[in-house]
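>>> pasting the structure only:
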């Protein structure tokens, strides 16, 4: 119930902020640094395409190993929706505490790129999403697999080039 309330609140906040964001530059490249699924844990998010829509590449690290997300983003003015595939979490072997397994899965994020300054070159990136279909080894002795689904959030700062 808490997660649903948080999701509704975040969506309302994005829409309210969006009415203040009516236009942005005709850019073809966005580069940002931040934290969240779109940023590969803690890392960078790059959008290659016209006006915030196009190929999405997120690279970073969190909890060991290289995290990534690759996918696409569709943007209308300040609001975006992206779909991707990549690392959505880490599973640790609780018996030995030494083996970690990166969990790969699908991601969907809805968010806003809020302009900072009159030039609209810099922006604050806020997003909330859902990750699903991640599989990991839940029992090291039997190699039993389990699925991993979660809600995530992203926050970052970026520049439009």
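Received the coordinates, thanks. Note that the structure is a prediction, hence the values are computed from the model and not measured.
>>> what's across from residue 110 in the sheet?
Note on residue 110: beta-bridge partners residue 81, residue 128, judged by DSSP bridges.
>>> state the distance from residue 76 to residue 119.
21 Å (CB to CB, to the nearest Å). Using the backbone N, CA and C atoms, a C-beta is placed for each residue, glycine as well.
>>> the protein: strands as residue ranges?
Applying DSSP state E to the chain gives strands spanning 29-36, 41-48, 54-61, 66-76, 79-92, 100-116, 122-139, 144-160.
>>> now those as CSV including mean neighbour count?
Below are the strands of the chain laid out as CSV (neighbours: other CB atoms under 10 Å):
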stretch, mean neighbour count
strand 29-36, 20
strand 41-48, 20
strand 54-61, 19
strand 66-76, 18
strand 79-92, 20
strand 100-116, 20
strand 122-139, 18
strand 144-160, 16
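>>> distance from the chain centre to stretch 149-161, please.
Centroid separation between stretch 149-161 and its chain, computed with CA atoms, centre = their mean, to the nearest Å, is 5 Å.
>>> dump the strands of the chain to CSV, plus mean pLDDT.
Output for the strands of the chain, formatted as CSV (pLDDT from 0 to 100):
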stretch, mean pLDDT
strand 29-36, 94
strand 41-48, 95
strand 54-61, 95
strand 66-76, 93
strand 79-92, 90
strand 100-116, 91
strand 122-139, 88
strand 144-160, 90
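>>> got the contact list for the residue positioned nearest the centre of the chain?
The centroid of the chain falls nearest to residue 38 when counting by CA atoms, centre = their mean (2.4 Å). Counting by CB atoms under 8 Å, 6 or more residues apart in numbering, residue 38 touches 45, 56, 58, 69, 82, 84, 107, 109, 111, 125, 127, 129, 154, 156.
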